[in-house]
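Chemist: 3D, please:
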Amino acid sequence: MRDKQALTTGEVAKYCGVNFRTVIRWIERGHLDAYKLPGRGDNRIPVSSFISFLQDNNMPVPDDLALGGRTLLILTAADEPSADLASFVRRSGWEPLVTSDPLHFGFLLAQHQPGAVCVFSAEHADSVSRLLRDGDGRETLTLVLNRMGVPEQLPDGWCGYQWPADQSAISAVLSGDAAA
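Modeler: Below you'll find the model as predicted:
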């Protein structure tokens with residue numbers, strides 16, 4: 001998961017396998033966007049600018065900087081088993097973000113641009129589909145879980161599972177071992 005908003009020249013140098021002075025030259029020549037901190041004037045490179053720089057120069061984007069990465073955003077109701085689900089998600093190699101507030105969910109969706117989202121009702125899936133459609137068009141794994149069984153009416157592209165009965169199938173989808 002990407003928590004940092006900006007990187008130091010040393011961090012960028014380490015990602016690229018170059019000396020930090022090379023990074024400073026990239027900044028001075030306008031190849032890499034950066035800003036100076038007040039006081040000492042140290043450079044900071046916004047993560048989004050660094051990712052664009054890597055992509056523009058056909059360099060791999062490190063997994064820990066990739067947008068969304070393996071973050072799963074979960075919208076639950078107060079009576080849903082969110083702690084058990086969060087633990088399961090962590091064991092599957094994903095970082096869970098859990099909220100029961102739809103407004104906060106929208107904020108987290110925009111801020112973290114997760115690799116996957118999970119809701120507990122088809123109605124929430126419809127709303128989230130609109131948010132994803134209005135977003136940047138990135139591919140996002142979308143899951144609907146239900147304790148009573150697999151929901152019948154789901155928006156296009158959504159996978160439905162019964163929680164917790166279908167844990168092995170959910171794990172397979174999260175690991176990329178099964179077709180969504």
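
Chemist: only C-alpha atoms for contact and neighbour calcs from this point on.
Modeler: Noted.

Chemist: Is residue 132 within a helix or a strand, and which one?
Modeler: Using DSSP states H and E, the element containing residue 132 is helix 122-134.

Chemist: The next helix or strand after that helix versus helix 122-134: what angle between them?
Modeler: As assigned by DSSP H and E, the chain's next helix or strand after helix 122-134 is strand 141-146. Between strand 141-146 and helix 122-134, the angle comes out at 170 degrees (axes from the mean of the first three to the mean of the last three Cα atoms, to 10 degrees).

Chemist: Check which helices and strands strand 141-146 sits against.
Modeler: If you count contacts as 3 or more Cα pairs under 8 Å, 6 or more residues apart in numbering; DSSP states H and E, strand 141-146 packs onto strand 116-119, strand 158-162.

Chemist: So what touches the helix or strand of the chain with the lowest mean pLDDT?
Modeler: Ranking every helix and strand in the chain by mean pLDDT, DSSP states H and E puts helix 47-56 at the bottom, with a mean of 83. Contacts of helix 47-56 from elsewhere in the structure, counted by Cα atoms under 8 Å, 6 or more residues apart in numbering, are 4, 5, 6, 7, 12, 31, 32, 33, 60, 61, 65, 66.

Chemist: Now do it: distance to the chain's middle.
Modeler: The chain centroid and the centroid of helix 47-56 are separated by 16 Å under Cα atoms, centre = their mean, to the nearest Å.

Chemist: returning to that earlier point: which pair in the contacts of helix 47-56 spans the largest distance?
Modeler: 4 and 31 (21.0 Å; Cα to Cα).

Chemist: Just give the nearest non-adjacent residue to residue 92, would you?
Modeler: Leaving aside its sequence neighbours, residue 92 sits nearest to residue 171 (Cα to Cα, 6 or more residues apart in numbering; 6.1 Å).

Chemist: quick revisit: save the helices and strands packed on strand 141-146 as CSV, and put in distance to residue 23, mean pLDDT and mean neighbour count too.
Modeler: Shown next, in CSV, are the helices and strands packed on strand 141-146 (distance: least, Cα to Cα, whole Å; pLDDT from 0 to 100; neighbours: other Cα atoms under 10 Å):
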stretch, distance to residue 23, mean pLDDT, mean neighbour count
strand 116-119, 33, 94, 22
strand 158-162, 42, 93, 21
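
Chemist: Minimum distance to residue 95: which of these has it?
Modeler: Counting by Cα to Cα, residue 95 lies closest to strand 116-119 out of the helices and strands packed on strand 141-146; the figure is 10.1 Å.

Chemist: May I have the strands that pair with the closest one, each with its orientation?
Modeler: strand 71-75 (parallel), strand 141-146 (parallel) (DSSP bridges).
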